[in-house]
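In: Generate coordinates for the sequence data below:
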Amino acid sequence: MGIDFHNEKNKHSYVTRKVDDTWLSAITALIQGRVINKAVDIGTGGGIYAKALADLGIPSITGIDFSEVMLDGAEQYCRLYEQIEFKLGNAYSTGLSSAYTDLVLERALIHHLDNLAACFSEAHRILKPKRMLLVQDRTPEDCLIQGDHHHIRGYLFSLFPHLGEIETKRRYASTTVKAELINAGFHSINEIKLWEIRKTYANKEQLLNDIKSRNGRSILHELSDQRVLQFADHVNQLIQEDGLIVEKDRWTIWAAEK
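Out: Residues are numbered from 1 along each chain as shown. Modelled structure (predicted):
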């Protein structure tokens, strides 16, 4: 089934949270000392990471997405940020000129793609010489870490093992990502692991409502409404406390030089 990024009802699915300081700190460390006048966020979705790049002080950001519906939601979400513009395009053909930008971000993008070579080739083309590509996604190993009251995603795969198979099949191994980056002309690849805070909930009810909404959780679109409710009940039983809940996801980030 999967999420339909072109469906109007999913317009605000990826504009319901703010980027956490854990991500901002990790990216700041990776780009430290660089002069970045332009950045491109490919697969920008709701624009929350385009906004985060603006909050880091980058004066010009272009968000690229293949869905007009997502871009409409992103423009509404970032309407107060004059330094951000959004354009229709995709990872294989951004529509931007060669040597256009100082930084390319591809977050939670590559698991939706079946051609890493074309994706990384396009990123290489639009980057200026000696500039950086940041790719953030989950490896199969990142996906299947055991669930706990922080790592809610892990509970999903213990309840529905078939989703674990779907998830790992659409994720790339780190060796594959690095090999394709090198083939596209990148070098000096730095790989880091990040436990990014996804969202903080005042109580368990907020978390359960977020699960039921499927917001920002594309894997839940593989389940029927009944099974999503079943997952929410499963989480309700496993998490006994009803205070503050900090949800985290494990990611891999590859920083590569042109």
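In: can you pull the contacts of residue 251?
Out: Residue 251 makes contacts with 136, 137, 138, 142, 193, 194, 195, 196, as judged by Cβ atoms under 8 Å, 6 or more residues apart in numbering. Heads up, the C-betas are built off the backbone N, CA and C, glycines and all.
In: After the helix or strand containing the first one, which helix or strand is next? Please name it.
Out: Using DSSP states H and E, residue 136 maps to strand 127-137. Following the chain from strand 127-137 toward its C-terminal end, the next helix or strand by DSSP H and E is helix 140-143.
In: hey, where'd the strands end up in the stretch 101-250 of the chain?
Out: 101-107, 127-137, 187-201, 245-257 (DSSP state E, counting those that start in this stretch).
In: What's the mean pLDDT across the third one?
Out: Taken as a whole, strand 187-201 carries a mean pLDDT of 95.
In: hmm, back to that, farthest pair within the contacts of residue 251?
Out: Of all pairs drawn from the contacts of residue 251, the one with the longest distance (Cβ to Cβ) is 137 and 195, at 14.7 Å.
In: more crowded one of the two?
Out: residue 137 (22 against 15; other Cβ atoms under 10 Å).
In: Tell me which residue lies nearest the centroid of this structure.
Out: Here the mean C-alpha position of the chain is nearest to the C-alpha of residue 108 (Cα atoms, centre = their mean), at a distance of 3.0 Å.
In: so who does that residue touch?
Out: By Cβ under 8 Å, 6+ apart, the contact set of residue 108 is 43, 45, 136, 137.
In: Residue 46 versus that one, what's the distance?
Out: The gap separating residue 108 from residue 46 is 11 Å, by Cβ to Cβ, to the nearest Å.
In: tell me the helices in the chain, going along the chain?
Out: 21-31, 48-55, 68-77, 116-126, 140-143, 152-159, 161-169, 174-183, 204-213, 225-238 (DSSP state H).
In: Which of the ones you listed has the highest mean neighbour count?
Out: Of these, the one with the most neighbours on average (mean count of other Cβ atoms under 10 Å) is helix 48-55, at a mean of 22.
In: how distant is it from the center of its chain?
Out: Computed by Cα atoms, centre = their mean, to the nearest Å, the chain-centroid distance of helix 48-55 equals 12 Å.
In: likewise stretch 40-50?
Out: With Cα atoms, centre = their mean, you get 9 Å for stretch 40-50.
In: Please write out the alpha-carbon positions of that stretch in PDB.
Out: Presented in PDB, the C-alpha positions along stretch 40-50 are these (Å, rounded to 0.1, in the frame of the first residue of the first chain):
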ATOM      1  CA  VAL A  40      19.400  22.400  -1.500                       C
ATOM      2  CA  ASP A  41      17.100  20.000   0.300                       C
ATOM      3  CA  ILE A  42      16.100  17.200  -2.100                       C
ATOM      4  CA  GLY A  43      13.000  15.400  -1.000                       C
ATOM      5  CA  THR A  44      12.000  18.300   1.200                       C
ATOM      6  CA  GLY A  45       8.500  16.900   2.000                       C
ATOM      7  CA  GLY A  46       6.900  19.300   4.400                       C
ATOM      8  CA  GLY A  47       9.900  21.600   4.500                       C
ATOM      9  CA  ILE A  48      10.800  21.100   8.200                       C
ATOM     10  CA  TYR A  49      14.500  20.400   7.400                       C
ATOM     11  CA  ALA A  50      14.600  23.300   4.900                       C
END
